[in-house]
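A.B. asks: predicted model, plus sequence, below.
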Amino acid sequence: MRFDLRLYALLDPAVAGGRRLTDVAKLIADQATLVQLRDKHGSTRVLIDEARALHDVLKPKAVPLLINDRVDVALAAKADGVHIGQSDMSAADARALLGRDAIIGLSINTVALAEEAPLDLLDYVGIGGIYATTSKDNTKPPIGIAGLRAIVRVVQARKPGFPVCGIAGISHTNAGDVIEAGADGVAVISALSLAPAPEEAARNLRSIVDTALSKRGAA
């Protein structure tokens, strides 16, 4: 399935500013290019219901929906794929269950993990956390722009043109730097969901990313 990492919106009920996730999705759907449902605390049934509701909002806009960690939820809700971490189901197992057309992304945060990532089974990698963030429990120090550049170099050496996005602590103040460092897009949560006007925030971020990609010659 075709997808676009430019503005990758992560939606989490714990980081939604009191809004319903479907309401946030409606506000950002014209600018977001990919959406992920991340809910670390909801029951399986709640997650499936959330995913189905989001899918109904995003499908008319042709914005793919991924599920964080939960391959079973992705299957039940007929989502477009999953994003998995290093301690989740393996990429091989996820691909076997979801099929070749599903979008599967993997989080990596070190050069060693970049060297080991099963790129042939993946559609993209999410690199980070780049900056400090309060939207996710993470005891590891941010890798910064230097860390992002180093990991991007390894991924691109292994598989030129392979899609990568930056994750964690990204906002309108630093999104351009993330793209300039080699990312094809930015994964954001608080910068959209907690913004006073998510639609305006999404438009602003999308413009910053598009401009940075154009300057880099990647648009």
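C.D. replies: It's in.
A.B. asks: which element follows the helix or strand containing Leu192 toward the C-terminus?
C.D. replies: Using DSSP states H and E, Leu192 falls within helix 190-193. Next along the chain after helix 190-193, taking DSSP H and E as the criterion, comes helix 198-216.
A.B. asks: check which helices and strands that following helix sits against.
C.D. replies: Here helix 198-216 touches strand 7-11, helix 21-28, helix 175-180, strand 185-188, helix 190-193, going by 3 or more CB pairs under 8 Å, 6 or more residues apart in numbering; DSSP states H and E. No exception for glycine: its C-beta is placed from N, CA and C like everyone else's.
A.B. asks: and it, how far out from the chain's middle?
C.D. replies: Distance of helix 198-216 from its chain centroid, counting by CA atoms, centre = their mean, to the nearest Å, is 15 Å.
A.B. asks: now do that helix, average pLDDT.
C.D. replies: Helix 198-216 carries an average pLDDT of 97.
A.B. asks: quick one: buried residues of it?
C.D. replies: Of all the residues in helix 198-216, those buried under the rule 16 or more other CB atoms under 10 Å are 198-199, 201-202, 204-206, 208-209, 212-213.
A.B. asks: looking at the residues you listed, spot the one nearest Asp93.
C.D. replies: Closest approach between the buried residues of helix 198-216 and Asp93, by CB to CB: Val209, at 32.2 Å.
A.B. asks: that closest one and Tyr8, how far apart?
C.D. replies: 10 Å (CB to CB, to the nearest Å).
A.B. asks: what touches both of those two?
C.D. replies: 185-186 (CB atoms under 8 Å, 6 or more residues apart in numbering).
A.B. asks: hmm, back to that, dump the helices and strands packed on helix 198-216 to a markdown table, plus distance to Glu50 and mean neighbour count.
C.D. replies: Below are these laid out as a markdown table (distance: least, CB to CB, whole Å; neighbours: other CB atoms under 10 Å):
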| stretch | distance to Glu50 | mean neighbour count |
| --- | --- | --- |
| strand 7-11 | 9 | 27 |
| helix 21-28 | 6 | 21 |
| helix 175-180 | 26 | 22 |
| strand 185-188 | 18 | 28 |
| helix 190-193 | 14 | 24 |
